[in-house]
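J.: Any chance you can model this:
(one chain, ligands or ions: 3)
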Amino acid sequence: MSKLLLKGGKIIDSVQGSKTGDILIIDNKIAKIGKDLVAEDAKIINVKGKVISPGLIDIHVHLREPGFEHKETIETGTKSAAKGGFTSVACMPNTDPVIDNQTLVEGLLSIAKRDGVVNVYPIGAITKGSRGKELAEIANMREAGIVAISDDGHPVMNAEMMRLALDYSKDFDLTIISHCEDKNLAGDGVVNQGYYSTITGLNPISSSSESVMVGREILLAEETGAKVHIAHISTKESVELVRQAKKRGVKVTCEVTPHHFTLTDEVITSFDTNTKMNPPLRSVEDVEAIKEGLKDGTIDVIATDHAPHAEEEKDVEYNYAPFGIVGLETALGLVITELVEPGILTLEDAIAKLTINPAKVIGVDKGKLEVGKDADITIIDIDNEWEVKTEELVSKSKNTPFVGFNLKGRAVMTIVGGKIVYSSDK
Ligand SMILES: NC(=O)N[C@@H](CC(=O)O)C(=O)O
Ligand SMILES: [Zn+2]
Ligand SMILES: [Zn+2]
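T.: Ligands and ions are numbered 1, 2, ... in the order given. Below you'll find the model as predicted:
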């Protein structure tokens with residue numbers, strides 16, 4: 001029997017309010033929560049002045065294995081997650097091959113069991129090969145352990161195919177995570193349409209290329225009664241569509257990435273390919289609408305869309321670089337610096353968007369500190385000031401626009417199932 005006693009931290013409880021106290025972990029479960037706990041032969045960890053949070057959950061991660069191991073592997077991606085304070089990640093199926101059948105899901109789970117340091121929840125494809133033509137083996141994949149379906153990286157352009165998938169997903173209580181992008185409207189765009197696309201001469205991506213699809217998904221979810229989750233929301237129009245749909249009782253949820261609430265399209269003037277991602281960085285007004293959406297609960301989840309790409313792939317002309325940036329190790333710092341410090345979200349609300357809310361979207365029993373639950377816990381030092389440095393990133397890829405940023409707040413210890421998988425002291 002192994003015992004771990006966390007002493008004197010601020011225990012986050014977004015429902016009943018946070019309190020200072022101790023948590024006793026026995027083996028892989030939370031055994032006791034209270035004040036002045038004592039436990040013989042427990043390893044004691046003093047967390048005075050620190051926050052004890054439910055382990056963070058990221059439901060939008062590209063682990064790249066199988067097929068793109070030069071960008072990331074399940075081992076390096078989950079180590080990156082652990083350093084960022086994440087105890088669970090859900091991984092997107094746009095690997096090679098695309099995760100669209102039971103055997104591939106089982107293969108992924110067995111690698112995750114062998115190499116993963118945090119919990120890995122696979123997301124299956126909606127359509128075979130994510131090509132949008134015929135449905136993937138959704139029932140079998142569900143049996144094998146997928147927690148959601150998504151063709152992320154691509155939209156499902158055929159609305160009838162999406163309606164079919166939504167209808168079908170209800171039988172398996174699966175949420176569809178939609179990458180909202182109208183391919184015809186997006187064309188060969190690489191950056192947000194606006195002042196900065198004009199002055200840089202880079203090909204524009206309109207806001208409508210996203211919002212038209214957000215509107216479509218909402219209408220189809222409403223018609224079918226299915227659950228849809230909008231990935232990486234980025235425009236003010238999309239936020240408003242979700243807000244109105246929620247008022248009507250549509251089963252729609254959405255997520256935003258830290259880069260979409262932190263950066264605007266102004267940064268593309270550097271022509272740094274680490275400012276290129278899908279959807280693109282948007283305007284000041286969009287960022288303001290996103291913050292409003294976070295505040296009023298329209299935006300449920302903060303997810304990284306961790307999208308590693310190798311240095312040689314990004315080190316090309318802007319038009320030719322792949323879309324995407326890494327995010328697991330900077331997410332928490334950006335949330336605290338950009339949202340909690342300025343008072344946009346309380347610490348409890350911010351943590352809810354990184355724990356219980358994402359857990360609900362993928363339907364897993366995680367994200368709460370309660371006796372009897374898995375001991376997935378993140379210890380956060382919210383006052384820790386640090387600078388993002390390339391050489392300190394443990395992800396295999398270093399494609400982030402945040403190098404040199406000074407952030408406040410970081411995970412100092414990550415515990416998964418009672419086991420310390422990351423500690424800043426080591
Ligand atoms: N976000 C990105 O810019 N890229 C993602 C795909 C995606 O999330 O749509 C990737 O897989 O690289
Ligand atoms: Zn996407
Ligand atoms: Zn993605």
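J.: which residues sit in contact with Asn406?
T.: Going by Cβ atoms under 8 Å, 6 or more residues apart in numbering, Asn406 touches Glu385, Trp386, Glu387. C-betas here are computed from N, CA, C, even on glycine.
J.: For the residues you listed, give me CSV that also has distance to ligand 2.
T.: Below are the contacts of Asn406 laid out as CSV (distance: Cβ to the ion, whole Å):
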residue, distance to ligand 2
Glu385, 32
Trp386, 29
Glu387, 29
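J.: Redo those as CSV? Include neighbour count and pLDDT.
T.: Formatted as CSV, the contacts of Asn406 follow (neighbours: other Cβ atoms under 10 Å; pLDDT from 0 to 100):
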residue, neighbour count, pLDDT
Glu385, 12, 98
Trp386, 15, 98
Glu387, 12, 98
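J.: Among these, which lie within helices?
T.: When the contacts of Asn406 are checked against helices using DSSP state H, none is located there.
J.: ok, so of the residues you listed, who is nearest Phe271?
T.: Using Cβ to Cβ, Glu387 comes nearest to Phe271 of those, at 23.3 Å.
J.: Who's the closest spatial neighbour of that closest one, skipping the chain neighbours?
T.: Asn406 (5.3 Å; Cβ to Cβ, 6 or more residues apart in numbering).
J.: Report the separation between that neighbour and ligand 2.
T.: 29 Å (Cβ to the ion, to the nearest Å).
J.: same check, this time on Gly145
T.: With Cβ to the ion as the criterion, Gly145 and ligand 2 are 22 Å apart.
J.: swap in Leu219?
T.: Counting by Cβ to the ion, the gap from Leu219 to ligand 2 is 20 Å.
J.: Is ligand 1 within reach of the helix or strand that residue falls within?
T.: For Leu219, the host element (DSSP states H and E) is helix 208-224. No - using Cβ under 6 Å from any ligand atom, helix 208-224 never reaches ligand 1; the gap is at least 11.3 Å.
J.: ok, and what's touching the following helix or strand past that helix?
T.: On the C-terminal side of helix 208-224, the closest following helix or strand by DSSP H and E is strand 228-230. Applying Cβ under 8 Å, 6+ apart, the set of residues contacting strand 228-230 from outside is 148, 166, 175-178, 180, 214, 217-218, 220-221, 238, 242, 251-255, 301, 361.
J.: quick one: which of those residues sit in helices?
T.: Using DSSP H, the contacts of strand 228-230 in helices are Leu166, Val214, Glu217, Ile218, Leu220, Ala221, Ser238, Val242, Val361.
J.: Give me the number of neighbouring residues for the third one.
T.: Close neighbours of Glu217, defined as other Cβ atoms under 10 Å, add up to 28.
J.: now do the fourth one
T.: Look at Ile218: counted by other Cβ under 10 Å, it has 24 neighbours.
J.: Identify the residues contacting the closest residue to it other than its chain neighbours.
T.: Nearest residue to Ile218 in three dimensions, chain neighbours excluded: Ala245, at 4.4 Å (Cβ to Cβ, 6+ apart). Counting by Cβ under 8 Å, 6+ apart, Ala245 makes contact with Ile218, Ala221, Glu222, Val252.
J.: Find me whatever residue is spatially closest to the third one, sequence neighbours aside.
T.: Of all residues not flanking Glu222 in the chain, Val250 sits nearest, at 4.7 Å (Cβ to Cβ, 6+ apart).
J.: And the second one, by the same measure?
T.: By the measure of Cβ to Cβ, 6+ apart, the closest residue to Ala221 outside its immediate chain neighbours is Val228, 4.2 Å from it.
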